[in-house]
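S.K.: Here is my input, please return the structure:
(chains A and B)
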Amino acid sequence: EAGVAQSPRYKIIEKRQSVAFWCNPISGHATLYWYQQILGQGPKLLIQFQNNGVVDDSQLPKDRFSAERLKGVDSTLKIQPAKLEDSAVYLCASSLRPGQRSSAVFMNTEAFFGQGTRLTVV
Amino acid sequence: TQLLEQSPQFLSIQEGENLTVYCNSSSVFSSLQWYRQEPGEGPVLLVTVVTGGEVKKLKRLTFQFGDARKDSSLHITAAQPGDTGLYLCAGVYNAGNMLTFGGGTRLMVKP
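M.R.: Numbers count the residues shown, from 1 in each chain, chains lettered A, B, ... in the order given. Reported below is the predicted structural model:
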C-alpha cells in the first residue's frame, strides 16, 4: 500500500517569496492534516480536512497561509509571503476518520505521515 | 487550543537503563497515541490507548493511560541504542476530533 506522498522534500526560498507544498494521502483516507514542525518541537496542527471540508484551521496564519483540498483527495499548502520564522518541516498526514467515542466501537485515529517538506527561508 | 505537555524534553541514558516519559494535559481526551519519529521522517504510531487506566505493552515498551484520561506515560525497560528518537504523544479531543501533539521527548541511548 502506498504511503502519504509529499513534494518537494526540500525547498529554500528568500523571505517574501511564495511557496507551495503538495500532499497525496493514502487512498480512501477521508481525513488529511497539515502540521508545522519547527526544529526541536512537536508537530503543530495547521489545518485538518474531512474530505474536502475544513474541520479546524484555528492555528493557520490566514494572512499568509492557505490550504485547499478541492476534490477531497490531494491537498496543497501555500505560504505567501514567507517569513524567516516559517522555516520548518511541513508534515502531511492522513487517517481513515477521526476517532470517535461511542457506546460500542472506537474508530482508529491512526495518522500516517509523509516524510515532510523541509522549508528554509533565508 | 488544548495543550499536551511532555516531560522530560531531553533524556540521555546508557544502554540497559529504564526510563519513563510523561504526557499531561488539563483536558480529557477521547484517545491518546504515542508516536516515534526519526530524523528526516514523519512520526510513526506506536500505540493508541482509549480506556482510562488502560495499560498496553509493546515488547519493552509499556504505555499507560491515566484513569481520568488526562495523562499518559511511556516506560521503556532495558533501553537499547535503537530506541533513540523523538517520542511524541498525541491526543484526540472534543467534537472536532483534532489530533494534537505534545512537544516531544528526545531520547538518546548510548551504547
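
S.K.: Not counting sequence-adjacent ones, nearest residue to B:Gly16?
M.R.: Using Cβ to Cβ, 6 or more residues apart in numbering or on different chains and skipping residues adjacent in sequence, the residue nearest B:Gly16 is B:Ala78, 5.5 Å away. C-beta coordinates here come from the backbone N, C-alpha and C atoms, glycine included.

S.K.: which residues touch that neighbour?
M.R.: B:16-18, B:60 (Cβ atoms under 8 Å, 6 or more residues apart in numbering or on different chains).

S.K.: let's go with 7 Å and repeat that
M.R.: B:Ala78 sits next to B:16, B:18, B:60 when contact means Cβ atoms under 7 Å, 6 or more residues apart in numbering or on different chains.

S.K.: For burial, what's the neighbour tally of the first one?
M.R.: Residues lying near B:Gly16 (other Cβ atoms under 10 Å in any protein chain shown) number 11.

S.K.: before we move on, what SS does it have?
M.R.: Of the three states, B:Gly16 takes coil under DSSP: H, G, I helix; E, B strand; the rest coil.

S.K.: quick one: B:Gln37 and B:Leu88 touch, right?
M.R.: Yes: with contacts counted by Cβ atoms under 7 Å, B:Gln37 reaches B:Leu88, the gap being 6.2 Å.

S.K.: So for these two, which residue has more residues nearby?
M.R.: Ranked by neighbour count (other Cβ under 10 Å), B:Gln37 and B:Leu88 place B:Leu88 first, with 26 against 22.
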